[in-house]
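In: here's a sequence, model it:
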Amino acid sequence: MNQVELRRTPLHSRHLARGAKTADFGGWDMPIEYVGTVAEHTAVRTTVGLFDVSHMGKVSVTGAGALEFLNGVLANDLNRIHDGKAQYSMLCNAEGGVIDDLIVYRWSPEHIFIIPNASNAATVVSALRAVAPDGVSINDQHDALGIIAIQGPQSRSVLRAIGVPADLDYMSMVKGEYAGAEVVVCRTGYTGELGFEIVAPSEILGVLWDDLCLHAEAVEGMPAGLGARDTLRTEMGYPLHGQDISPAISPVQAGISWAIGWQKPEFQGRNALTEQRSQGVSKHLVALIASERGIPRPHMEVFDSTGENLIGEVTSGTFSPTLKQGIALALVESGIRVGDVVLVDIRGRKSSFSVTALPLVPSSTR
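Out: Below is the predicted model of the structure:
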């Protein structure tokens, strides 16, 4: 049986030249780390880190009624934001599960840009095209555009050094120019730090990356792989699709009901989610911090404090480079609350964890 060839971003050769370790992520051969996840994680928290996230989808929705159409499909309410702002949202199924979570960029009522997850991009495009009315176009720009995330306290100085706009409010975006091409600078990210994402044509992505690396390294920053991206987002409690949210795990269960436009008359999954909200759910997502040595991993079983009753499982788990402890997100019985003690079965040994409020590390996004 032939193995499916992994896709590569326009920066793939540059990652290999820097000695990156790569692996399959959503069907793409992506850098997991360069010099080490802990060092790259620390750079983002203290200076700046650069991420190639060109594997993420890029979808342009245009035409008269584009905003009204999307608002009747996606969970969040686009009328909560104005032109030039971004919003976290979800595409849900009829049962209230999450087909994908995504960032929506509102340029105008006739032009919306969406960044879905890499492995779900084609699904999102197909789902939108299936229900789009006449006059609304769904344009898949996955290959035409790339994305570089610049994250950390020094991210603004790095952007200024390459001559693109840097004075943006959180969840805002603006058009700029680099190497003679139009780029979009977004004050967004997945790390909990001050940060930006630049969406640029694929043909200039290489020179943009080289320039960003030069100026990041001047302030002791560095390129970072998806390993650090995962530890950073887990410290913040940001959900990862396919683990913490999924077609079987709803936003109500995951504690992200704030990203639902409850007052809207229509969106996919509305009836099921409204019922969950009113009647409650049997399990919900909580954050855990280890009280002793032990690193939790996805699918490890979670027990109550007696160790006798199975109450759920870890959905995301890792070692926190900031806290120097094992941390996790876990889907557990809804009676479990902040302050409770639970036990995680780590390779046959039940280790103690405290249920803790999110974020596990203070956010510096604003």
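In: and Ser157, that one's in a strand?
Out: No - using DSSP: H, G, I helix; E, B strand; the rest coil, the assignment for Ser157 is helix, not a strand.
In: what comes up buried for stretch 334-350?
Out: 336, 340, 342-346 (16 or more other CB atoms under 10 Å). Bear in mind the C-beta positions are built from the backbone N, C-alpha and C, glycine included.
In: residues making contact with that stretch?
Out: 280-284, 286, 288, 291, 294-297, 300-305, 307, 311-312, 314, 317, 328, 330, 332, 351-357 (CB atoms under 8 Å, 6 or more residues apart in numbering).
In: buried subset of those residues as a PyMOL selection?
Out: Selection of buried members from those for PyMOL, criterion 16+ other CB under 10 Å:
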select buried, resi 281+283+284+286+288+294+295+296+300+302+303+304+311+312+314+317+328+330+332+351+353+355+356
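In: so where's the stretch 1-150 of the chain uncertain?
Out: Applying pLDDT under 70 to the stretch 1-150 of the chain picks out residues 1-3.
In: below-threshold pLDDT in the stretch 251-366 of the chain: ranges please.
Out: For the stretch 251-366 of the chain (pLDDT under 70), the answer is none.
In: in strands, which of the contacts of stretch 334-350 appear?
Out: Assigned to strands by DSSP state E, the following of the contacts of stretch 334-350 qualify: 283-284, 286, 288, 301-303, 311-312, 314, 317, 328, 330, 332, 351-356.
In: tell me where the stretch 151-300 of the chain has strands.
Out: For the stretch 151-300 of the chain, the strands defined by DSSP state E, counting those that start in this stretch cover 173-178, 181-186, 195-201, 222-223, 283-290.
In: would TSV of these with distance to Thr365 be doable?
Out: TSV is the format used below for those (distance: least, CB to CB, whole Å):
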stretch	distance to Thr365
strand 173-178	15
strand 181-186	12
strand 195-201	7
strand 222-223	21
strand 283-290	18
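In: for those, which one sits closest to Ser126?
Out: Among the strands of the stretch 151-300 of the chain, the nearest to Ser126 by CB to CB is strand 195-201 (21.9 Å).
In: which neighbours in the sheet does the closest one have, and how are they oriented?
Out: strand 145-151 (antiparallel), strand 181-186 (antiparallel) (DSSP bridges).
In: so which elements touch the longest helix seen in the chain?
Out: Identified as the longest helix of the chain according to DSSP state H is helix 205-218. Under the contact criterion of 3 or more CB pairs under 8 Å, 6 or more residues apart in numbering; DSSP states H and E, helix 205-218 touches helix 12-17, strand 49-52, strand 145-151, helix 155-162, strand 222-223.
In: residues contacting that helix, please?
Out: 9-11, 14, 47-50, 52, 54, 146, 148, 150, 154, 157-158, 161-162, 178-179, 183, 198, 200, 222-223.
In: make sure Ala23 is actually in contact with Leu6.
Out: No - using CB atoms under 8 Å, Ala23 is not in contact with Leu6, being 9.1 Å away.
In: please state the offset of stretch 155-171 from the chain centre?
Out: Distance of stretch 155-171 from its chain centroid, counting by CA atoms, centre = their mean, to the nearest Å, is 21 Å.
In: in contact with Ile115: list those residues for me.
Out: Listed by CB under 8 Å, 6+ apart, the contact set of Ile115 reads 56-59, 102-103, 105, 147.
In: no wait, Tyr88
Out: Counting by CB under 8 Å, 6+ apart, Tyr88 makes contact with 76, 101-104, 259.
In: dig out what the nearest residue to Leu11 once chain neighbours are set aside forms beta bridges with.
Out: Counting by CB to CB, 6 or more residues apart in numbering, Leu11 lies nearest to Asp52, which is 4.7 Å off, once chain neighbours are set aside. Going by DSSP bridges, Asp52 is paired in beta bridges with Ile148.
In: isn't Asp52 right up against Trp28?
Out: No - in this structure Asp52 lies outside contact range of Trp28 using CB under 8 Å: 9.9 Å.
In: identify the contacts common to those two.
Out: Counting by CB under 8 Å, 6+ apart, the contacts common to Asp52 and Trp28 are Thr9.
In: ok, these two, which is more surrounded?
Out: Counted by other CB atoms under 10 Å, Asp52 and Trp28 do not tie: Asp52 has more neighbours, with 26 against 20.
In: and for Phe25, the neighbour number?
Out: 18.
In: thinking it is in contact with His55, fair?
Out: Yes - in this structure Phe25 lies within contact range of His55 using CB under 8 Å: 6.7 Å.
In: what touches both of those two?
Out: Ala118.
In: quick one: contacts for Trp27?
Out: Let me fix one detail, which is that residue 27 is Gly and not Trp. Neighbour list for Gly27: 4, 6-7, 118-119 [criterion: CB under 8 Å, 6+ apart].
In: in JSON lines: those residues, plus distance to Asp83 and secondary structure.
Out: As requested, the contacts of Gly27 are exported to JSON lines (distance: CB to CB, whole Å; DSSP: H, G, I helix; E, B strand; the rest coil):
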{"residue": "Val4", "distance to Asp83": "40", "secondary structure": "coil"}
{"residue": "Leu6", "distance to Asp83": "37", "secondary structure": "coil"}
{"residue": "Arg7", "distance to Asp83": "33", "secondary structure": "strand"}
{"residue": "Ala118", "distance to Asp83": "27", "secondary structure": "helix"}
{"residue": "Ser119", "distance to Asp83": "30", "secondary structure": "helix"}
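In: among those residues, name the buried ones.
Out: Among the contacts of Gly27, those classed as buried by 16+ other CB under 10 Å are 6-7, 118-119.
In: of these, closest to Gly227?
Out: Nearest to Gly227 among the buried ones among the contacts of Gly27, with distances taken as CB to CB, is Ala118, at 15.9 Å.
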